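J.: structure of the sequence below:
(one chain, ligands or ions: 1)
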Amino acid sequence: MEKGLLYPVTNKFREDQKLDGLWDFKFDPAEQGEAKGWTTGFDDPIKMPVPASFNDFFTDKDSREYTGDFWYAKKFFVPTYMDGKAIQLRFGAATHRATVYVNGKEIRSHEGGFLPFTADISDAVKLGKENIVALKMNNELHRDALPAGDTATLKNGKKMAKPFFDFYNYSGLNRSVHLLAVPKENIYDYSTTYEVSDDQATVHYSVEATKDADVKVSLADEDGNVVATSEGKSGDLVVKNPTLWQVRDAYLYTIKFELIDGGKAVDEYSDEIGLRTIEIKGHEILVNHKSVYLRGFGRHEDSIYAGRAFDLNVERRDMNLMDWIGANSFRSSHYPYDEQVYKFADREGILITDEVPAVGFKMAAASFLGGLDQSFFDGDWIDELYKKHIDQVRDMIKRDKNHPSVLAWSLCNEPDTSTDSAVPYFTKLFNDSKDLDPEKRPRTFTLNEDDTFEKSKCLQFPDFYLLNRYPGWYHKWGYEISDGEAGLRAELDEWKNSDIDKPIVFSEYGADTEPGLHKLPSIMWSEEYQIELLDMFDRVFDSYDFVRGEQPWNLADFQTVEGNMRVNGNKKGIFTRDRQPKAAAFFLKKRWTSLPLDY
Ligand SMILES: CCCN1C[C@@H](O)[C@H](O)[C@@H](C(=O)O)C1
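T.: Residues are numbered from 1 along each chain as shown. Predicted coordinates:
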């Protein structure tokens, strides 16, 4: 678990320099990098862009599909004025694991390819000189790691990723690398909770610092006017006549913390926050005590060339597409996204269900992709897996807890909850995570079609339900879709007749669709069929008042492993991979822009 995950800033006490650009890169299939001294750099490097996944740059399959150890290295200068500061390297995401060396000295390791980590390099750097950072990385998949899978060794000795999940195992330094200089005594975390009404909002704050010193706090509106102040490492900021953060009508205040030691400021940290509350009440999702109906998508961080790397250009386009179509939410399927995505959503007034990369914890997914023939939670890998799982839940919540856009936490995607062995795992997971979020936002996980109301053993845990349902595609498809609708209605009737009164959000449903394929009457893979399927689901959603959200799969087409069920990736996108609309986009736009927010 990381001590602090505050997003890097530059101010009068702190400096943030991005080390993005071309790094030296080399595969290490023999796993001899350390022995060969690659910790201080290596010969014949490939010049590799950072941030980026390495896979799609290559023209040969061995390189694209490479699984195992690989190295990055980069020279960087540390100016003398950083002397006396804590000097750090912050990696936005190193997928899936990394060991960091600076000037040949091993600094630290990190497991988990979708969350940031910081290496303190103060004792390893040479001030006023050039230094070198080297990372030994590895992208193998294992049943006791997130995301779950296997790594096979082919007869030719080459390793191959065998994901238990349906997205490509893009690997590398997928997010920015920052050189940071912060005061040795510094603010390393803060949290906020809220109470709001029409004429007043109260921000309950708390600050974590390396020293027990005084703290001054101020809150400024978008015009820079200070609207509230306080002192102390915890306290309240009371705002009269506040402008609340609303869905699709965002307003951001700037909170500023100053660490005061010996009567003078020694550190400062500012951030944008939104005054709003999140509640689940009966089968309603409430923002600022008003019911919200979610419309949006499951997404992926995925684009051509850079793979899973965060790309500000793609994010700007995706946010505009979601605005155009009338979306107000998305799930960060199936892993926490780059921090800049949450900042975008904070400003756009979009709600995020933030998901940890606990994906592939299911035999069906594995068999779909060629894997297990037992309940996942009967495996002998569960204890080791849980340690990594809860560690990444802790870091996801620590990193993202102060974003107004974060609505809820998804602690797993489609785990195998139809067996008793899942119950102790989820009991522990929900117990260990219940106090991690100061705002106590709802926690959930997505339920696969095998995990129905009657079959799942874990319905007691989620605060609301995320249903992934594929009638019309994976079963009862084509002309049989009417039976698919009947089955869906039968399941929802069971929920309706039960004593459960929690919201249901459909977090996945959809049809693979080849853009430009038209057929009258429809046929599967045609644009017409994708609309027919969406229309069927919409008819069902409109029949049950406890359905409080619709998030079809997926916003855009995305890359997966190759296979006889994928045509160069998953084509369930409402938009193509290059972010152009299929006919379904216009269908959804018409529906979503006509729905009131609290539909
Ligand atoms: C059946 C598993 C649920 N869901 C997971 C998602 O990651 C896949 O892309 C999607 C699909 O197969 O299109 C199915």
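
J.: tell me how the chain divides into domains.
T.: The chain breaks down by automatic domain parsing into domains covering 15-182, 187-278, 291-594.

J.: surely residue 271 is in contact with residue 253?
T.: No. Applying Cβ atoms under 8 Å as the test, residue 271 and residue 253 come out as separate, 9.7 Å apart. Placement of C-beta: from N, CA and C, glycine included.

J.: who has more neighbours out of these two?
T.: When residue 271 and residue 253 are compared for neighbours, residue 253 comes out ahead with 23 against 19, by other Cβ atoms under 10 Å.

J.: follow-up on the earlier one: could I get the domains of the chain as JSON lines with mean pLDDT and distance to the ligand?
T.: Formatted as JSON lines, the domains of the chain follow (pLDDT from 0 to 100; distance: least, Cβ to the nearest ligand atom, whole Å):
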{"stretch": "domain 15-182", "mean pLDDT": "98", "distance to the ligand": "4"}
{"stretch": "domain 187-278", "mean pLDDT": "97", "distance to the ligand": "25"}
{"stretch": "domain 291-594", "mean pLDDT": "95", "distance to the ligand": "5"}
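
J.: of all these, which one is nearest residue 1?
T.: Of all these, it is domain 291-594 that lies closest to residue 1, at 4.8 Å by Cβ to Cβ.

J.: okay, the domains of the chain in CSV with distance to residue 1 next?
T.: Output for these, formatted as CSV (distance: least, Cβ to Cβ, whole Å):
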stretch, distance to residue 1
domain 15-182, 10
domain 187-278, 12
domain 291-594, 5
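
J.: wait, which of the ones you listed is closest to residue 6?
T.: Nearest of these (Cβ to Cβ): domain 187-278, 6.3 Å.

J.: from one end of the closest one to the other, what's the distance?
T.: 27 Å (Cα to Cα, to the nearest Å).

J.: re earlier: nearest to residue 284, out of the domains of the chain?
T.: That would be domain 291-594 among the domains of the chain, by Cβ to Cβ, at 4.5 Å.

J.: now do the same contact list for the spatially most central residue of the chain.
T.: When Cα atoms, centre = their mean is applied to the chain, the residue found nearest the centroid is residue 336 (1.7 Å). The contact partners of residue 336, taken as Cβ atoms under 8 Å, 6 or more residues apart in numbering, are 114, 115, 354, 355, 356, 357, 396, 399, 400.

J.: please redo it, this time with the cut-off set to 7 Å
T.: For residue 336, the contact set (Cβ atoms under 7 Å, 6 or more residues apart in numbering) comprises 114, 115, 354, 356, 396, 399, 400.

J.: against residue 179, how distant is the first one?
T.: Counting by Cβ to Cβ, to the nearest Å, the separation of residue 114 from residue 179 is 22 Å.

J.: what do you get for the fifth one?
T.: When distances are taken as Cβ to Cβ, residue 396 and residue 179 turn out to be 24 Å apart.

J.: more neighbours: those two, which one.
T.: Neighbour comparison, residue 396 and residue 179: the larger count goes to residue 396, with 28 against 23 (by other Cβ under 10 Å).

J.: that one: which element?
T.: helix 382-400 (DSSP states H and E).

J.: and the next helix or strand after that helix, C-alpha only, in PDB?
T.: Next along the chain after helix 382-400, taking DSSP H and E as the criterion, comes strand 406-413. C-alpha atoms of strand 406-413 as PDB (Å, rounded to 0.1, in the frame of the first residue of the first chain):
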ATOM      1  CA  VAL A 406     -16.300   9.000  -8.200                       C
ATOM      2  CA  LEU A 407     -19.800   7.600  -7.500                       C
ATOM      3  CA  ALA A 408     -18.900   4.100  -6.300                       C
ATOM      4  CA  TRP A 409     -16.200   1.400  -6.100                       C
ATOM      5  CA  SER A 410     -16.400  -1.800  -8.100                       C
ATOM      6  CA  LEU A 411     -14.300  -4.300  -6.200                       C
ATOM      7  CA  CYS A 412     -14.400  -7.000  -8.800                       C
ATOM      8  CA  ASN A 413     -15.600  -7.700 -12.400                       C
END
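
J.: elements contacting whatever helix or strand comes next after strand 406-413?
T.: For strand 406-413, the following helix or strand on the C-terminal side (DSSP H and E) is helix 422-433. Where contact means 3 or more Cβ pairs under 7 Å, 6 or more residues apart in numbering; DSSP states H and E, helix 422-433 is packed against helix 382-400.

J.: try it again with 10 Å
T.: Under the contact definition 3 or more Cβ pairs under 10 Å, 6 or more residues apart in numbering; DSSP states H and E, helix 422-433 sits against helix 382-400, strand 406-413, strand 443-447.

J.: whichever helix or strand comes after the shortest one: partners in the sheet, and parallel or antiparallel?
T.: Just to be clear, that refers to strand 443-447. Tracing the chain C-terminally past strand 443-447 and defining elements by DSSP H and E, one meets strand 465-468 next. When pairing is defined by DSSP bridges, strand 465-468 lines up against strand 443-447 (parallel), strand 504-508 (parallel).

J.: reformat these as TSV; add mean neighbour count.
T.: Shown next, in TSV, are the strands paired with strand 465-468 (neighbours: other Cβ atoms under 10 Å):
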stretch	mean neighbour count
strand 443-447	25
strand 504-508	25
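
J.: out of those strands, nearest to residue 582?
T.: For residue 582, the closest of the strands paired with strand 465-468 is strand 504-508, at 17.2 Å, according to Cβ to Cβ.

J.: got the angle for the closest one vs strand 406-413?
T.: 60 degrees (axes from the mean of the first three to the mean of the last three Cα atoms, to 10 degrees).

J.: now strand 504-508: how far from the chain's centre is it?
T.: 17 Å (Cα atoms, centre = their mean, to the nearest Å).

J.: stretch 336-348 too?
T.: The answer for stretch 336-348 is 10 Å, by Cα atoms, centre = their mean.

J.: could I get the CA-only coordinates of it as PDB?
T.: Extracted in PDB, the C-alpha atoms of stretch 336-348 (Å, rounded to 0.1, in the frame of the first residue of the first chain):
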ATOM      1  CA  PRO A 336      -8.500   2.200 -12.500                       C
ATOM      2  CA  TYR A 337      -7.800   4.700 -15.300                       C
ATOM      3  CA  ASP A 338      -5.200   7.400 -15.500                       C
ATOM      4  CA  GLU A 339      -5.800  10.200 -12.900                       C
ATOM      5  CA  GLN A 340      -6.400  12.700 -15.600                       C
ATOM      6  CA  VAL A 341      -9.500  10.800 -16.600                       C
ATOM      7  CA  TYR A 342     -11.100  11.500 -13.200                       C
ATOM      8  CA  LYS A 343     -10.000  15.200 -13.400                       C
ATOM      9  CA  PHE A 344     -11.800  15.400 -16.800                       C
ATOM     10  CA  ALA A 345     -14.900  13.800 -15.300                       C
ATOM     11  CA  ASP A 346     -14.800  16.100 -12.300                       C
ATOM     12  CA  ARG A 347     -15.000  19.100 -14.800                       C
ATOM     13  CA  GLU A 348     -17.600  17.400 -17.000                       C
END
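
J.: since that was my last question, I'll sign off now.
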